[in-house]
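> Predicted model and sequence below, questions to follow.
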Amino acid sequence: MSQQKYLCIQRSQGGQCEPPSPAQMEQMFAKFNAWKEKFKDNILDMGGKLEPSGAVVKSDSVIDGPFVEVKEIIGGYMLIQANNIEQAMQVVKESPGVAMPGSSVEIRPIAMP
Amino acid sequence: MSGKTLPDHFFRREYGKLIAVLSRRFGGYQIEAIEDAVQNALVKSIEQWTYQELPENPSAWLFTVAKNNLLNELRNQSSRTALIEQHSLEINQGSELNQNLEPSYFLSQEINDDLLNLLFVGCDKSLPLESQIVFTLRILCGFSIDEIAERLFISKQNTYKRLQRAKNKLRNTISANIELSFEEKTERLSTVVKVLYLMFTEGYFSSHADFTIRQELCEEALRLGEILANNKLGQKPEPYALLALINLHFARLPARQDHGGGLLLLEEQDRTKWRAEFVQTGLFWLSKSATGEKFTRYHAEAGIAAEYCLASSYSTIRWDKVVENYQLLERFNPSPLHFLNRIIATAEWKGAKHALAILEEFEAPTWLKSTYMWKAVLADLYLRSEQIAGQHIQAAIEAAPSERIRALLKKRLKVDNE
(Lines give C-alpha, C1' and ligand atoms only; values in the text may rest on other atoms or scores of the structure.)
Protein backbone atom coordinates (compact mmCIF):
# COMPACT_ATOMS: atom_id res chain seq x y z
CA MET A 1 0.00 0.00 0.00
CA SER A 2 1.33 3.37 -0.88
CA GLN A 3 1.93 5.77 1.90
CA GLN A 4 -0.09 8.81 2.77
CA LYS A 5 1.39 12.13 1.70
CA TYR A 6 1.42 15.15 3.97
CA LEU A 7 1.99 18.82 3.38
CA CYS A 8 3.91 20.44 6.19
CA ILE A 9 3.60 24.16 6.68
CA GLN A 10 6.13 25.84 8.88
CA ARG A 11 5.15 29.00 10.67
CA SER A 12 7.26 31.28 12.75
CA GLN A 13 6.66 34.43 14.64
CA GLY A 14 7.51 37.57 12.76
CA GLY A 15 9.98 40.08 14.05
CA GLN A 16 13.68 40.13 14.58
CA CYS A 17 15.44 37.70 16.79
CA GLU A 18 19.11 37.50 17.70
CA PRO A 19 21.00 36.05 14.72
CA PRO A 20 22.71 32.75 15.46
CA SER A 21 26.48 32.70 15.87
CA PRO A 22 28.57 30.75 13.35
CA ALA A 23 29.12 28.01 15.94
CA GLN A 24 25.36 27.74 16.50
CA MET A 25 24.80 27.59 12.75
CA GLU A 26 27.24 24.73 12.60
CA GLN A 27 25.18 22.84 15.15
CA MET A 28 21.90 23.67 13.41
CA PHE A 29 23.27 22.52 10.08
CA ALA A 30 24.59 19.29 11.56
CA LYS A 31 21.26 18.59 13.29
CA PHE A 32 19.35 19.27 10.12
CA ASN A 33 21.52 16.93 8.11
CA ALA A 34 21.24 14.20 10.72
CA TRP A 35 17.47 14.59 10.67
CA LYS A 36 17.32 14.52 6.85
CA GLU A 37 19.40 11.36 6.85
CA LYS A 38 17.28 9.67 9.52
CA PHE A 39 14.02 10.33 7.73
CA LYS A 40 15.21 10.22 4.15
CA ASP A 41 12.53 7.64 3.31
CA ASN A 42 9.83 9.95 4.60
CA ILE A 43 10.95 13.20 3.02
CA LEU A 44 9.56 13.53 -0.49
CA ASP A 45 10.42 17.13 -1.14
CA MET A 46 12.37 19.35 1.20
CA GLY A 47 10.35 22.23 -0.18
CA GLY A 48 11.89 25.52 0.69
CA LYS A 49 11.82 28.75 2.55
CA LEU A 50 9.14 31.21 1.49
CA GLU A 51 9.95 34.84 0.88
CA PRO A 52 7.67 37.35 2.58
CA SER A 53 6.89 39.00 -0.78
CA GLY A 54 4.30 37.76 -3.30
CA ALA A 55 0.63 38.40 -3.80
CA VAL A 56 -2.81 37.04 -2.95
CA VAL A 57 -5.03 36.86 -5.98
CA LYS A 58 -8.84 36.80 -5.60
CA SER A 59 -11.45 36.91 -8.35
CA ASP A 60 -12.05 40.57 -7.66
CA SER A 61 -8.80 41.86 -6.13
CA VAL A 62 -5.09 41.34 -5.70
CA ILE A 63 -3.32 41.87 -2.38
CA ASP A 64 0.38 42.45 -2.69
CA GLY A 65 2.94 41.27 -0.20
CA PRO A 66 5.03 41.48 1.83
CA PHE A 67 2.99 39.77 4.52
CA VAL A 68 5.25 40.55 7.42
CA GLU A 69 2.59 42.32 9.43
CA VAL A 70 0.84 39.01 9.99
CA LYS A 71 1.57 37.65 13.46
CA GLU A 72 2.56 34.20 12.33
CA ILE A 73 4.14 34.07 8.94
CA ILE A 74 4.47 30.97 6.84
CA GLY A 75 8.18 30.48 6.59
CA GLY A 76 8.47 27.30 4.59
CA TYR A 77 6.86 24.12 3.35
CA MET A 78 7.77 20.53 2.60
CA LEU A 79 6.23 17.26 1.50
CA ILE A 80 6.61 14.08 3.48
CA GLN A 81 5.11 10.60 3.37
CA ALA A 82 4.25 8.34 6.28
CA ASN A 83 2.12 5.32 7.20
CA ASN A 84 -0.12 7.42 9.37
CA ILE A 85 -0.44 10.79 11.07
CA GLU A 86 1.41 9.56 14.16
CA GLN A 87 4.43 8.67 12.10
CA ALA A 88 4.21 11.99 10.23
CA MET A 89 4.09 13.79 13.55
CA GLN A 90 7.17 11.92 14.69
CA VAL A 91 9.10 13.01 11.61
CA VAL A 92 8.15 16.63 12.17
CA LYS A 93 8.65 16.55 15.92
CA GLU A 94 12.25 15.56 15.50
CA SER A 95 12.99 18.21 12.88
CA PRO A 96 15.19 21.10 13.99
CA GLY A 97 12.75 23.50 12.29
CA VAL A 98 10.14 22.91 14.95
CA ALA A 99 12.62 23.38 17.78
CA MET A 100 13.13 27.07 17.12
CA PRO A 101 11.32 29.28 19.59
CA GLY A 102 7.98 30.57 18.34
CA SER A 103 7.88 28.05 15.50
CA SER A 104 5.17 25.57 14.67
CA VAL A 105 4.56 23.09 11.90
CA GLU A 106 1.12 22.24 10.62
CA ILE A 107 0.75 18.76 9.11
CA ARG A 108 -2.07 18.22 6.64
CA PRO A 109 -2.75 14.93 4.88
CA ILE A 110 -3.17 15.37 1.15
CA ALA A 111 -6.52 13.86 0.15
CA MET A 112 -6.19 10.86 -2.13
CA PRO A 113 -8.90 9.71 -4.44
CA MET B 1 20.76 13.28 -1.27
CA SER B 2 24.36 14.25 -1.84
CA GLY B 3 27.05 12.79 0.32
CA LYS B 4 28.90 16.08 0.40
CA THR B 5 29.60 17.48 3.81
CA LEU B 6 31.21 20.62 5.14
CA PRO B 7 34.58 20.56 6.88
CA ASP B 8 34.69 20.86 10.67
CA HIS B 9 33.87 24.30 12.03
CA PHE B 10 33.08 25.48 8.52
CA PHE B 11 30.88 28.42 9.47
CA ARG B 12 33.13 29.74 12.20
CA ARG B 13 36.22 29.56 10.07
CA GLU B 14 34.60 30.93 6.94
CA TYR B 15 33.55 33.90 9.03
CA GLY B 16 37.19 34.79 9.71
CA LYS B 17 38.26 34.19 6.13
CA LEU B 18 35.49 36.29 4.64
CA ILE B 19 36.14 39.19 6.97
CA ALA B 20 39.85 39.02 6.22
CA VAL B 21 39.32 38.97 2.45
CA LEU B 22 36.66 41.66 2.40
CA SER B 23 38.39 44.00 4.80
CA ARG B 24 41.54 43.90 2.73
CA ARG B 25 39.51 44.75 -0.37
CA PHE B 26 37.16 47.31 1.11
CA GLY B 27 39.16 48.75 4.00
CA GLY B 28 39.22 48.35 7.75
CA TYR B 29 36.97 51.33 8.33
CA GLN B 30 34.11 49.28 6.86
CA ILE B 31 34.57 46.56 9.46
CA GLU B 32 31.05 46.91 10.86
CA ALA B 33 29.36 46.73 7.45
CA ILE B 34 31.61 43.82 6.53
CA GLU B 35 30.67 41.88 9.65
CA ASP B 36 26.96 42.38 8.91
CA ALA B 37 27.40 41.33 5.30
CA VAL B 38 29.22 38.15 6.33
CA GLN B 39 26.72 37.32 9.07
CA ASN B 40 23.83 37.70 6.61
CA ALA B 41 25.57 35.54 4.04
CA LEU B 42 25.99 32.79 6.63
CA VAL B 43 22.31 32.99 7.61
CA LYS B 44 21.34 32.80 3.95
CA SER B 45 23.57 29.80 3.38
CA ILE B 46 21.93 27.94 6.25
CA GLU B 47 18.49 28.68 4.84
CA GLN B 48 19.44 27.50 1.36
CA TRP B 49 21.67 24.57 2.08
CA THR B 50 19.29 22.90 4.46
CA TYR B 51 16.73 22.69 1.65
CA GLN B 52 18.99 22.20 -1.31
CA GLU B 53 22.19 20.45 -2.08
CA LEU B 54 25.42 22.10 -1.11
CA PRO B 55 26.86 24.25 -3.90
CA GLU B 56 29.93 23.05 -5.77
CA ASN B 57 32.17 25.45 -3.86
CA PRO B 58 30.54 26.55 -0.58
CA SER B 59 33.34 29.02 0.22
CA ALA B 60 32.99 30.77 -3.15
CA TRP B 61 29.20 30.83 -2.73
CA LEU B 62 29.52 32.53 0.63
CA PHE B 63 32.07 34.98 -0.69
CA THR B 64 29.82 36.04 -3.56
CA VAL B 65 26.78 36.47 -1.34
CA ALA B 66 28.72 38.35 1.32
CA LYS B 67 30.32 40.65 -1.22
CA ASN B 68 26.97 41.42 -2.86
CA ASN B 69 25.46 42.12 0.55
CA LEU B 70 28.29 44.50 1.28
CA LEU B 71 28.00 46.28 -2.05
CA ASN B 72 24.27 46.74 -1.54
CA GLU B 73 24.93 48.23 1.86
CA LEU B 74 27.62 50.54 0.51
CA ARG B 75 25.31 51.64 -2.28
CA ASN B 76 23.04 53.00 0.42
CA GLN B 77 25.87 55.10 1.75
CA SER B 78 26.11 57.81 -0.89
CA SER B 79 29.66 58.74 -0.09
CA ARG B 80 30.98 55.37 -1.08
CA THR B 81 30.58 55.78 -4.83
CA ALA B 82 34.28 55.56 -5.55
CA LEU B 83 34.55 52.31 -3.69
CA ILE B 84 31.62 50.88 -5.59
CA GLU B 85 32.94 51.98 -8.96
CA GLN B 86 36.16 50.29 -8.16
CA HIS B 87 34.34 47.03 -7.55
CA SER B 88 31.52 47.45 -10.08
CA LEU B 89 33.10 45.01 -12.46
CA GLU B 90 33.03 42.43 -9.76
CA ILE B 91 29.40 43.15 -8.97
CA ASN B 92 28.39 42.17 -12.46
CA GLN B 93 30.57 39.12 -12.40
CA GLY B 94 29.34 38.11 -9.03
CA SER B 95 25.65 38.49 -9.70
CA GLU B 96 25.34 34.92 -10.90
CA LEU B 97 25.41 32.69 -7.89
CA ASN B 98 26.99 29.29 -8.05
CA GLN B 99 28.99 30.41 -10.98
CA ASN B 100 32.38 29.57 -9.63
CA LEU B 101 33.75 32.98 -8.98
CA GLU B 102 37.49 33.15 -8.85
CA PRO B 103 37.76 29.51 -7.88
CA SER B 104 41.52 29.62 -7.92
CA TYR B 105 41.41 32.28 -5.24
CA PHE B 106 39.88 29.92 -2.74
CA LEU B 107 42.53 27.34 -3.25
CA SER B 108 45.38 29.74 -3.14
CA GLN B 109 47.66 30.78 -0.38
CA GLU B 110 46.26 34.28 -0.74
CA ILE B 111 43.33 33.62 1.55
CA ASN B 112 45.65 32.60 4.36
CA ASP B 113 47.74 35.69 3.69
CA ASP B 114 44.66 37.85 4.21
CA LEU B 115 43.77 35.97 7.37
CA LEU B 116 47.28 36.40 8.66
CA ASN B 117 47.31 40.10 7.79
CA LEU B 118 44.18 40.62 9.85
CA LEU B 119 45.69 38.68 12.74
CA PHE B 120 48.65 41.06 12.68
CA VAL B 121 46.34 44.06 12.44
CA GLY B 122 44.56 42.97 15.61
CA CYS B 123 47.75 42.23 17.51
CA ASP B 124 48.58 45.87 17.97
CA LYS B 125 50.79 46.70 20.94
CA SER B 126 48.97 49.95 21.56
CA LEU B 127 45.85 47.92 22.40
CA PRO B 128 45.46 46.12 25.73
CA LEU B 129 46.31 42.45 25.39
CA GLU B 130 42.76 41.54 26.40
CA SER B 131 41.39 43.50 23.46
CA GLN B 132 43.76 41.77 21.10
CA ILE B 133 42.59 38.37 22.28
CA VAL B 134 38.90 39.22 22.08
CA PHE B 135 39.38 40.70 18.61
CA THR B 136 41.17 37.57 17.43
CA LEU B 137 38.51 35.26 18.84
CA ARG B 138 35.69 37.32 17.37
CA ILE B 139 37.04 38.27 13.97
CA LEU B 140 39.39 35.43 13.08
CA CYS B 141 37.78 32.54 14.92
CA GLY B 142 34.14 33.59 14.48
CA PHE B 143 33.05 33.28 18.12
CA SER B 144 30.11 35.45 19.20
CA ILE B 145 30.31 37.90 22.09
CA ASP B 146 28.42 35.43 24.31
CA GLU B 147 30.71 32.58 23.38
CA ILE B 148 33.84 34.63 24.07
CA ALA B 149 32.49 35.82 27.42
CA GLU B 150 31.80 32.21 28.39
CA ARG B 151 35.22 31.03 27.31
CA LEU B 152 37.25 33.77 28.94
CA PHE B 153 35.13 33.99 32.09
CA ILE B 154 34.43 37.68 31.60
CA SER B 155 31.13 39.53 31.35
CA LYS B 156 29.43 40.17 28.02
CA GLN B 157 29.74 43.90 28.54
CA ASN B 158 33.42 43.57 29.20
CA THR B 159 33.84 41.43 26.09
CA TYR B 160 31.95 43.95 24.03
CA LYS B 161 34.04 46.84 25.34
CA ARG B 162 37.28 45.05 24.61
CA LEU B 163 36.13 44.26 21.10
CA GLN B 164 34.96 47.81 20.40
CA ARG B 165 38.29 49.16 21.49
CA ALA B 166 40.09 47.02 18.94
CA LYS B 167 37.57 47.83 16.22
CA ASN B 168 37.78 51.57 16.85
CA LYS B 169 41.49 51.36 16.47
CA LEU B 170 41.07 49.50 13.21
CA ARG B 171 38.62 52.06 11.92
CA ASN B 172 40.58 55.12 12.92
CA THR B 173 44.18 54.37 12.27
CA ILE B 174 44.31 52.11 9.33
CA SER B 175 41.51 53.57 7.22
CA ALA B 176 41.27 52.19 3.72
CA ASN B 177 44.41 50.14 3.52
CA ILE B 178 44.73 47.49 6.16
CA GLU B 179 47.64 45.77 4.54
CA LEU B 180 50.63 45.98 6.87
CA SER B 181 54.10 46.02 5.39
CA PHE B 182 56.42 43.08 5.86
CA GLU B 183 58.51 45.14 8.29
CA GLU B 184 55.46 46.15 10.31
CA LYS B 185 54.38 42.54 10.53
CA THR B 186 57.83 41.36 11.53
CA GLU B 187 57.81 43.91 14.29
CA ARG B 188 54.50 42.53 15.57
CA LEU B 189 55.47 38.87 15.37
CA SER B 190 56.19 38.49 19.08
CA THR B 191 52.83 40.04 19.96
CA VAL B 192 51.00 37.67 17.62
CA VAL B 193 52.78 34.69 19.14
CA LYS B 194 51.88 35.92 22.61
CA VAL B 195 48.19 36.27 21.72
CA LEU B 196 48.12 32.75 20.29
CA TYR B 197 49.94 31.46 23.37
CA LEU B 198 47.37 33.06 25.66
CA MET B 199 44.51 31.70 23.57
CA PHE B 200 45.99 28.27 24.01
CA THR B 201 46.58 28.56 27.75
CA GLU B 202 43.07 29.98 28.24
CA GLY B 203 41.77 26.73 26.82
CA TYR B 204 44.30 24.34 28.26
CA PHE B 205 44.35 25.55 31.84
CA SER B 206 40.76 26.75 31.91
CA SER B 207 38.64 25.43 34.73
CA HIS B 208 35.73 25.19 32.31
CA ALA B 209 33.86 22.00 32.95
CA ASP B 210 33.06 21.47 29.29
CA PHE B 211 35.93 19.63 27.67
CA THR B 212 34.96 20.52 24.09
CA ILE B 213 34.96 24.20 24.89
CA ARG B 214 38.47 24.01 26.27
CA GLN B 215 39.65 21.92 23.37
CA GLU B 216 38.21 24.44 20.90
CA LEU B 217 40.39 27.31 22.09
CA CYS B 218 43.45 25.08 21.89
CA GLU B 219 42.51 24.03 18.36
CA GLU B 220 42.06 27.60 17.20
CA ALA B 221 45.47 28.61 18.56
CA LEU B 222 46.95 25.58 16.82
CA ARG B 223 45.24 26.37 13.52
CA LEU B 224 46.33 30.02 13.44
CA GLY B 225 49.81 29.06 14.62
CA GLU B 226 50.15 26.62 11.74
CA ILE B 227 49.01 29.20 9.21
CA LEU B 228 51.62 31.53 10.67
CA ALA B 229 54.44 29.01 10.57
CA ASN B 230 53.62 28.09 6.99
CA ASN B 231 54.08 31.68 5.92
CA LYS B 232 57.41 33.32 5.28
CA LEU B 233 56.59 35.80 8.04
CA GLY B 234 56.34 33.15 10.69
CA GLN B 235 59.26 30.97 9.72
CA LYS B 236 61.19 31.90 12.81
CA PRO B 237 62.23 30.09 16.02
CA GLU B 238 59.58 31.82 18.12
CA PRO B 239 56.46 30.60 16.24
CA TYR B 240 58.09 27.17 15.82
CA ALA B 241 58.63 26.93 19.57
CA LEU B 242 55.03 27.99 20.16
CA LEU B 243 53.78 25.22 17.89
CA ALA B 244 56.02 22.72 19.63
CA LEU B 245 54.64 23.71 23.00
CA ILE B 246 51.02 23.70 21.81
CA ASN B 247 51.31 20.27 20.19
CA LEU B 248 53.16 18.69 23.11
CA HIS B 249 50.60 19.95 25.61
CA PHE B 250 47.66 19.30 23.34
CA ALA B 251 48.78 15.68 23.06
CA ARG B 252 48.11 15.23 26.78
CA LEU B 253 44.84 17.15 26.98
CA PRO B 254 42.47 14.13 26.86
CA ALA B 255 44.38 12.47 29.70
CA ARG B 256 44.31 15.46 32.01
CA GLN B 257 40.92 14.77 33.52
CA ASP B 258 39.00 11.80 34.80
CA HIS B 259 35.48 10.84 33.78
CA GLY B 260 33.93 13.19 36.28
CA GLY B 261 35.90 16.15 34.94
CA GLY B 262 38.31 16.07 37.88
CA LEU B 263 41.93 16.98 37.23
CA LEU B 264 44.49 14.22 37.21
CA LEU B 265 48.07 14.47 38.40
CA LEU B 266 50.77 13.84 35.82
CA GLU B 267 51.70 10.57 37.49
CA GLU B 268 48.11 9.38 37.35
CA GLN B 269 47.52 10.19 33.71
CA ASP B 270 46.91 7.30 31.38
CA ARG B 271 49.75 7.62 28.91
CA THR B 272 47.92 5.53 26.34
CA LYS B 273 45.48 8.41 26.04
CA TRP B 274 48.22 10.77 24.97
CA ARG B 275 47.91 11.48 21.29
CA ALA B 276 51.03 10.24 19.57
CA GLU B 277 50.50 12.23 16.38
CA PHE B 278 50.63 15.48 18.31
CA VAL B 279 53.72 14.39 20.21
CA GLN B 280 55.43 13.72 16.88
CA THR B 281 54.33 17.01 15.36
CA GLY B 282 55.44 18.81 18.51
CA LEU B 283 58.88 17.25 18.37
CA PHE B 284 59.14 18.19 14.71
CA TRP B 285 58.50 21.85 15.53
CA LEU B 286 60.78 21.68 18.54
CA SER B 287 63.70 20.58 16.40
CA LYS B 288 62.94 23.33 13.88
CA SER B 289 62.75 25.90 16.68
CA ALA B 290 66.29 25.06 17.77
CA THR B 291 67.81 26.38 14.56
CA GLY B 292 67.92 30.09 15.25
CA GLU B 293 69.72 32.18 17.79
CA LYS B 294 66.63 33.35 19.59
CA PHE B 295 65.65 31.46 22.72
CA THR B 296 62.25 32.28 24.16
CA ARG B 297 60.04 31.20 27.02
CA TYR B 298 58.19 29.01 24.51
CA HIS B 299 61.36 27.04 23.89
CA ALA B 300 61.73 26.35 27.61
CA GLU B 301 58.08 25.40 28.04
CA ALA B 302 58.14 23.17 24.98
CA GLY B 303 61.31 21.60 26.31
CA ILE B 304 59.60 20.71 29.57
CA ALA B 305 56.55 19.32 27.80
CA ALA B 306 58.84 17.26 25.57
CA GLU B 307 60.55 15.70 28.59
CA TYR B 308 57.16 14.59 29.92
CA CYS B 309 56.09 13.20 26.57
CA LEU B 310 59.34 11.40 25.83
CA ALA B 311 59.64 9.57 29.14
CA SER B 312 58.09 6.13 28.96
CA SER B 313 56.70 6.47 32.47
CA TYR B 314 56.55 8.96 35.30
CA SER B 315 59.51 7.35 37.01
CA THR B 316 61.78 7.77 33.98
CA ILE B 317 61.23 11.50 33.48
CA ARG B 318 64.58 13.26 33.25
CA TRP B 319 64.01 15.67 36.11
CA ASP B 320 67.43 17.27 35.79
CA LYS B 321 66.43 18.44 32.27
CA VAL B 322 63.07 19.66 33.56
CA VAL B 323 64.78 21.68 36.31
CA GLU B 324 67.21 23.10 33.78
CA ASN B 325 64.35 24.23 31.54
CA TYR B 326 62.53 25.83 34.44
CA GLN B 327 65.68 27.74 35.27
CA LEU B 328 65.84 28.99 31.70
CA LEU B 329 62.17 29.88 31.83
CA GLU B 330 62.73 31.88 35.02
CA ARG B 331 65.51 33.77 33.33
CA PHE B 332 63.46 34.67 30.26
CA ASN B 333 60.20 35.15 32.02
CA PRO B 334 60.69 35.73 35.72
CA SER B 335 57.66 34.47 37.61
CA PRO B 336 57.27 32.85 41.02
CA LEU B 337 55.12 30.24 39.32
CA HIS B 338 58.12 28.98 37.38
CA PHE B 339 60.15 29.00 40.55
CA LEU B 340 57.58 26.84 42.34
CA ASN B 341 57.47 24.47 39.40
CA ARG B 342 61.24 24.21 39.52
CA ILE B 343 61.04 23.37 43.22
CA ILE B 344 58.62 20.54 42.52
CA ALA B 345 60.85 19.17 39.79
CA THR B 346 63.87 19.52 42.08
CA ALA B 347 62.06 17.44 44.70
CA GLU B 348 61.66 14.66 42.13
CA TRP B 349 65.27 14.95 41.08
CA LYS B 350 67.18 15.45 44.34
CA GLY B 351 64.60 14.68 46.96
CA ALA B 352 62.07 16.67 48.93
CA LYS B 353 64.48 17.74 51.65
CA HIS B 354 66.82 19.35 49.16
CA ALA B 355 63.91 21.16 47.48
CA LEU B 356 62.52 22.31 50.81
CA ALA B 357 65.86 23.85 51.70
CA ILE B 358 65.82 25.93 48.49
CA LEU B 359 62.25 26.96 49.09
CA GLU B 360 62.89 28.08 52.65
CA GLU B 361 65.97 30.00 51.60
CA PHE B 362 63.98 31.92 49.01
CA GLU B 363 62.87 35.34 50.19
CA ALA B 364 59.31 35.15 49.00
CA PRO B 365 57.10 38.25 49.03
CA THR B 366 54.14 38.09 51.40
CA TRP B 367 51.59 37.92 48.59
CA LEU B 368 53.27 34.83 47.16
CA LYS B 369 53.25 33.10 50.54
CA SER B 370 49.51 33.63 50.77
CA THR B 371 48.75 31.89 47.45
CA TYR B 372 47.43 28.35 47.45
CA MET B 373 50.26 27.32 45.14
CA TRP B 374 52.94 28.29 47.62
CA LYS B 375 51.09 26.63 50.46
CA ALA B 376 50.49 23.50 48.41
CA VAL B 377 54.14 23.14 47.46
CA LEU B 378 55.20 23.71 51.05
CA ALA B 379 52.75 21.11 52.34
CA ASP B 380 53.78 18.63 49.68
CA LEU B 381 57.47 18.98 50.53
CA TYR B 382 56.88 18.68 54.26
CA LEU B 383 54.83 15.57 53.67
CA ARG B 384 57.37 13.98 51.40
CA SER B 385 60.36 14.76 53.56
CA GLU B 386 58.49 13.05 56.39
CA GLN B 387 58.18 16.07 58.60
CA ILE B 388 55.08 17.14 60.46
CA ALA B 389 52.94 18.54 57.66
CA GLY B 390 49.48 18.75 59.19
CA GLN B 391 49.09 22.49 59.51
CA HIS B 392 50.63 23.15 56.08
CA ILE B 393 48.25 20.68 54.48
CA GLN B 394 45.28 22.28 56.14
CA ALA B 395 46.40 25.75 55.07
CA ALA B 396 46.83 24.65 51.46
CA ILE B 397 43.42 23.01 51.27
CA GLU B 398 41.74 26.03 52.82
CA ALA B 399 43.37 28.32 50.26
CA ALA B 400 42.25 26.30 47.20
CA PRO B 401 40.39 28.63 44.82
CA SER B 402 37.97 26.03 43.44
CA GLU B 403 36.46 22.66 44.28
CA ARG B 404 38.31 20.98 41.46
CA ILE B 405 41.65 22.24 42.73
CA ARG B 406 40.70 21.38 46.32
CA ALA B 407 39.98 17.82 45.24
CA LEU B 408 43.28 17.66 43.40
CA LEU B 409 45.18 18.93 46.45
CA LYS B 410 43.50 16.45 48.75
CA LYS B 411 44.52 13.67 46.45
CA ARG B 412 48.08 14.89 46.19
CA LEU B 413 48.42 15.55 49.92
CA LYS B 414 46.78 12.23 50.72
CA VAL B 415 43.91 13.68 52.69
CA ASP B 416 41.00 11.27 52.93
CA ASN B 417 37.67 12.63 51.93
CA GLU B 418 35.39 12.40 54.86
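Received, thanks.
> does the helix or strand containing B:Asn72 come close to chain A?
B:Asn72 belongs to helix B:58-75 when assigned by DSSP states H and E. No - for helix B:58-75, no contact with chain A is found by CB under 8 Å from any CB of the partner chain; the gap never falls below 10.8 Å. (Each C-beta comes from the backbone N, C-alpha and C, glycine too.)
> buried stuff in that helix?
B:58-71, B:73-74 (16 or more other CB atoms under 10 Å in any protein chain shown).
> Now A:Met89: closest residue in space that isn't a chain neighbour?
A:Ile107 (6.4 Å; CB to CB, 6 or more residues apart in numbering or on different chains).
> Specify the beta-bridge partners of that neighbour.
A:Cys8 (DSSP bridges).
> Quick check: it touching A:Gln87?
No - counting by CB atoms under 8 Å, A:Gln87 is not a contact partner of A:Ile107; they are 10.5 Å apart.
> shared neighbours of the two, which are they?
By CB atoms under 8 Å, 6 or more residues apart in numbering or on different chains, A:Ile107 and A:Gln87 have no common neighbours.
> measure the residue nearest to A:Met89 to A:Trp35 for me?
With distances taken as CB to CB, to the nearest Å, A:Ile107 is found 15 Å from A:Trp35.
> what does A:Gln24 give?
In this view, A:Gln24 and A:Trp35 are 16 Å apart by CB to CB.
> try B:Gly16
B:Gly16 is 28 Å from A:Trp35, where distance means CB to CB.
> So for these two, which residue has more residues nearby?
Neighbours were counted for B:Gly16 and for A:Trp35 using other CB atoms under 10 Å in any protein chain shown; B:Gly16 has more, 26 against 18.
> Would you enumerate the residues in contact with residue 4?
By default, I'm working from chain A. Applying CB under 8 Å, 6+ apart, we find A:Gln4 in contact with A:Gln81, A:Ala82, A:Asn83, A:Asn84, A:Ile85, A:Ala88, A:Pro109, A:Ile110, A:Met112.
> wrong one, I was asking about chain B
So B:Lys4 contacts B:Glu53, B:Leu54 (CB under 8 Å, 6+ apart).
> Secondary structure class of it, three-state.
Three-state call for B:Lys4 (DSSP: H, G, I helix; E, B strand; the rest coil): coil.
> Now do the buried residues in stretch A:8-28.
Applying a neighbour-count criterion of 16+ other CB under 10 Å, one finds A:8-12, A:14, A:20-26, A:28 buried in stretch A:8-28.
> Do I have it right that B:Phe332 meets B:Ala300?
Yes - using CB under 8 Å, B:Phe332 is in contact with B:Ala300, at 6.5 Å.
> between these two, which one's more packed in?
B:Ala300 (23 against 14).
> Pretty sure the more buried one sits against B:Glu324.
No - B:Ala300 lies out of contact with B:Glu324 (CB under 8 Å); the separation is 9.0 Å.
> Can you tell me the closest non-neighbouring residue to the residue of chain A found nearest chain B?
Nearest residue of chain A to chain B: A:Ser21, at 3.4 Å (CB to the nearest CB). Excluding the flanking residues, the one nearest A:Ser21 by CB to CB, 6+ apart is B:Ser144, at 3.4 Å.
> Flag the shaky bits of chain A, pLDDT-wise.
Scanning chain A with the threshold set as pLDDT under 70 gives A:1, A:14-17, A:68-71.
> Up against chain B, what does it have?
Going by CB under 8 Å from any CB, the residues of chain A near chain B are A:19-26, A:28-29, A:32-33, A:36-37, A:40, A:46-49, A:76.
> what comes up buried for the helix ranked longest in chain B?
Counting by DSSP state H, the longest helix found in chain B is helix B:182-204. By neighbour count on 16+ other CB under 10 Å, the buried set for helix B:182-204 is B:185, B:188-204.
> with the buried residues of stretch A:8-28 in mind, which one is nearest to B:Glu219?
Proximity of those to B:Glu219 (CB to CB) peaks at A:Ala23, which lies at 12.5 Å.
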